[in-house]
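>>> following is a predicted model, sequence given first.
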Amino acid sequence: MRRLLADNTRPIRAMCADVVRPYAGFLKEVALESLWPTRCAVCDAPGELLCARCAAALPAVDRWRACPLCGAPLGAVQCSECNDVMLAALGREALPFNGCASAVGFNDDTGRIVKTWKDGGERRLVEVMAARMALVAEPSWIAEGPTVTPVPATEAALRRRGFDHGWELARTVAQALDLPLAQLLNRPRASDQRKLGKQERASNIAGRFAARPGMLMPRSALLVDDVCTTGATLFSACDALRAAGVERIFALTFARVQ
């Protein structure tokens with residue numbers, strides 16, 4: 001009798017498992033949401049990763065006022081970021097990329113979004129950031145079909161955070177723009193740059209990037225990073241891509257320090 005009951009329970013268990021399995025992800029989300037409710041990364045209001053009020057208040061970069069060359073938010077008429085004097089101070093005659101754009105200016109709110117994503121454990125914010133970035137990518141860039149590639153994180157950053165934020169952002173941007181994705185550059189060995197000034201950053205990061213050995217380089221690349229602070233990191237990464245044979249390089253960031 002006991003054996004008969006045991007035999008009869010097997011199909012029932014299997015049927016229950018088949019019914020529950022499609023909803024496992026949903027049930028997991030419900031459980032997580034009940035324990036750790038989703039909150040706005042800026043104002044901490046419950047309900048959304050970025051509430052409508054805070055999303056509308058982000059300092060969007062006006063593409064018509066931005067420099068068409070370096071993407072500086074207010075450089076359309078006379079750019080103070082990529083003029084001959086500024087480039088000469090960096091030991092350059094020209095910009096290392098063919099275009100650059102940022103979704104928002106960097107302030108306390110956008111800084112909080114980036115920090116919450118990278119260091120606060122809310123990795124879902126990458127979708128919010130990538131969506132904003134996709135909106136400001138120039139159609140002429142996308143028409144070239146560039147390969148999306150991240151500015152690679154340092155080994156120290158990987159150990160500190162436990163995930164590759166650069167790759168995660170690049171992958172999400174590539175999905176949003178329906179472009180190919182590849183890790184074209186090796187990780188730099190430069191020291192932490194977060195407290196360095198413009199000239200110090202340029203010296204610290206210069207020459208630290210290199211193309212990954214054996215990689216077949218595309219004709220054009222879309223270099224992705226979360227924040228453009230002084231441009232030193234983007235410049236150095238672009239130099240490495242150019243040296244490896246990439247002919248056309250575009251840079252795209254979520255935020256830019258003005």
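Perfect, I can see it now.

>>> and R63, how many residues sit next to it?
15 (other CB atoms under 10 Å). C-beta coordinates here come from the backbone N, C-alpha and C atoms, glycine included.

>>> tell me the SS of it?
coil (DSSP: H, G, I helix; E, B strand; the rest coil).

>>> need the contact list for the nearest residue to it once chain neighbours are set aside.
Once flanking residues are discounted, R63 sits nearest to V136: 6.3 Å by CB to CB, 6 or more residues apart in numbering. By CB atoms under 8 Å, 6 or more residues apart in numbering, the contact set of V136 is V61, R63, A101, S102, A103, L252.

>>> lowest pLDDT pick from those residues?
Scanning these for pLDDT, the low point is R63. It has 87.

>>> was I right about that residue contacting A101?
Yes: taking CB atoms under 8 Å as the definition, R63 is a contact partner of A101 at 7.0 Å.

>>> the strands in the stretch 151-258 of the chain, which residues?
All strands of the stretch 151-258 of the chain, identified by DSSP state E, counting those that start in this stretch, fall at 220-228, 248-256.

>>> could I get these as CSV with mean neighbour count and distance to L90?
Listed next are these as CSV, based on neighbours: other CB atoms under 10 Å; distance: least, CB to CB, whole Å:
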stretch, mean neighbour count, distance to L90
strand 220-228, 24, 14
strand 248-256, 26, 15
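
>>> tell me, how many residues neighbour the closest residue to C54 other than its chain neighbours?
With sequence-adjacent residues excluded and distances taken as CB to CB, 6+ apart, C54 is closest to V42, at 4.0 Å. Close neighbours of V42, defined as other CB under 10 Å, add up to 21.

>>> OK, contacts around V42?
L50, C51, C54, D109, R112, I113.

>>> show me what contacts the fifth one?
R112 makes contact with A41, V42, according to CB under 8 Å, 6+ apart.

>>> so which helix or strand takes in it?
Taking DSSP states H and E as the criterion, R112 maps to helix 108-118.

>>> what's the angle from whichever helix or strand comes after that helix to helix 108-118?
Where DSSP H and E defines the elements, the next helix or strand beyond helix 108-118 is helix 125-136. Taking axes from the mean of the first three to the mean of the last three CA atoms, to 10 degrees, one finds helix 125-136 and helix 108-118 inclined to each other by 130 degrees.

>>> let me know the next secondary structure element after helix 125-136.
For helix 125-136, the following helix or strand on the C-terminal side (DSSP H and E) is helix 139-143.

>>> off-centre distance for that following helix?
19 Å (CA atoms, centre = their mean, to the nearest Å).

>>> stretch 248-258 too?
For stretch 248-258, the distance to the chain centre is 10 Å (CA atoms, centre = their mean).

>>> distance between stretch 113-132 and the chain's centre?
9 Å.

>>> and for stretch 213-231?
11 Å.

>>> mean confidence (pLDDT) on that stretch, please.
Mean predicted lDDT for stretch 213-231 stands at 95.

>>> what of stretch 104-124?
On average, stretch 104-124 scores 96.

>>> what comes up buried for it?
V104, G105, F106, D109, T110, R112, I113, V114, T116, W117, K118, E122 (16 or more other CB atoms under 10 Å).

>>> can I get those residues in a markdown table with distance to V257?
Shown next, in a markdown table, are those (distance: CB to CB, whole Å):
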| residue | distance to V257 |
| --- | --- |
| V104 | 11 |
| G105 | 8 |
| F106 | 4 |
| D109 | 14 |
| T110 | 10 |
| R112 | 15 |
| I113 | 14 |
| V114 | 11 |
| T116 | 18 |
| W117 | 17 |
| K118 | 16 |
| E122 | 22 |
